[in-house]
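J.: Fold the following for me, if possible:
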Amino acid sequence: MKHQQVVVDYWNMIKTSFTCLLLAFSGYILIKMVQTIFWLPSYLQKNQKRLEELAAQYSLDLDGDKSVADELKAQLDEAVEGKQPLLAEKSEEDKIYSADTKPKVDAEPKKQK
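T.: Next up, the predicted model:
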C-alpha cells in the first residue's frame, strides 16, 4: 500500500463554511418573513383596538361625557377608512407664516413717485 499525503485546502474550507452560514442565515430570514406575514395583521388589529379604547377612556376621563367619546370614535373610524384626514392640514400660507408674522393684506399700497 502506498503512502498518501493529505493536502488541506484552507481557502476551499473557508469558502464552504461561509456559504453554509449564509444559507442558514437566509433560511432564518425567510422563516421570520413568513411568520410576520401571518402574525402582523392580527397584531395591528389588536393594537388599533387598544388605542381606540385608550382614546375613548381618556376622553371619558377628561370630559365625563359619553357623546364626546362616541364622536372621537367616529372620527377615528372615518380616518382609518380613508374618508378624511384626522387632522386638517394647514394651507401653504399658514405653513410659511405664523399668526404674528402674516403680512397685512388690507394695508394701503405705497404711493409711487
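J.: What confidence value was assigned to His3?
T.: Note on His3: pLDDT of 84.
J.: So that it lines up with my notes, have the first residue be 51 from now on.
T.: I'll keep to 51 as the first residue from here, and by that count the last item is His53.
J.: for it, phi and psi?
T.: Taking degrees, to the nearest 10, you get phi -80, psi 130 for the backbone angles of His53.
J.: That one: neighbouring residues, count only.
T.: His53 is flanked by 4 other residues according to other CB atoms under 10 Å. For glycine as for every other residue, the C-beta is placed from the backbone atoms N, C-alpha and C.
J.: How about Ser109?
T.: Neighbours of Ser109 under the rule other CB under 10 Å: 19.
J.: any idea which helix or strand carries it?
T.: Here Ser109, judged by DSSP states H and E, is contained in helix 60-113.
J.: So for the next helix or strand after that helix, mean pLDDT?
T.: The helix or strand immediately downstream of helix 60-113 is helix 116-131, counting by DSSP H and E. For helix 116-131, the mean pLDDT works out to 75.
J.: got it, and stretch 71-90?
T.: 95.
J.: what comes up buried for it?
T.: Residues of stretch 71-90 classed as buried: none (neighbour count, 16 or more other CB atoms under 10 Å).
J.: May I have that stretch as PDB, with CA atoms only?
T.: C-alpha atoms of stretch 71-90 as PDB (Å, rounded to 0.1, in the frame of the first residue of the first chain):
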ATOM      1  CA  LEU A  71     -23.600  30.100   7.200                       C
ATOM      2  CA  LEU A  72     -25.000  32.400   4.500                       C
ATOM      3  CA  LEU A  73     -27.500  29.700   3.600                       C
ATOM      4  CA  ALA A  74     -28.600  29.100   7.200                       C
ATOM      5  CA  PHE A  75     -29.000  32.900   7.800                       C
ATOM      6  CA  SER A  76     -31.100  33.200   4.600                       C
ATOM      7  CA  GLY A  77     -33.300  30.400   5.800                       C
ATOM      8  CA  TYR A  78     -33.800  32.100   9.100                       C
ATOM      9  CA  ILE A  79     -34.700  35.400   7.400                       C
ATOM     10  CA  LEU A  80     -37.200  33.500   5.200                       C
ATOM     11  CA  ILE A  81     -38.800  31.800   8.200                       C
ATOM     12  CA  LYS A  82     -39.100  35.100  10.000                       C
ATOM     13  CA  MET A  83     -40.700  36.800   7.000                       C
ATOM     14  CA  VAL A  84     -43.300  34.000   6.600                       C
ATOM     15  CA  GLN A  85     -44.000  34.200  10.300                       C
ATOM     16  CA  THR A  86     -44.500  38.000  10.100                       C
ATOM     17  CA  ILE A  87     -47.000  37.600   7.200                       C
ATOM     18  CA  PHE A  88     -49.300  35.700   9.500                       C
ATOM     19  CA  TRP A  89     -48.600  37.500  12.800                       C
ATOM     20  CA  LEU A  90     -48.500  41.200  11.800                       C
END
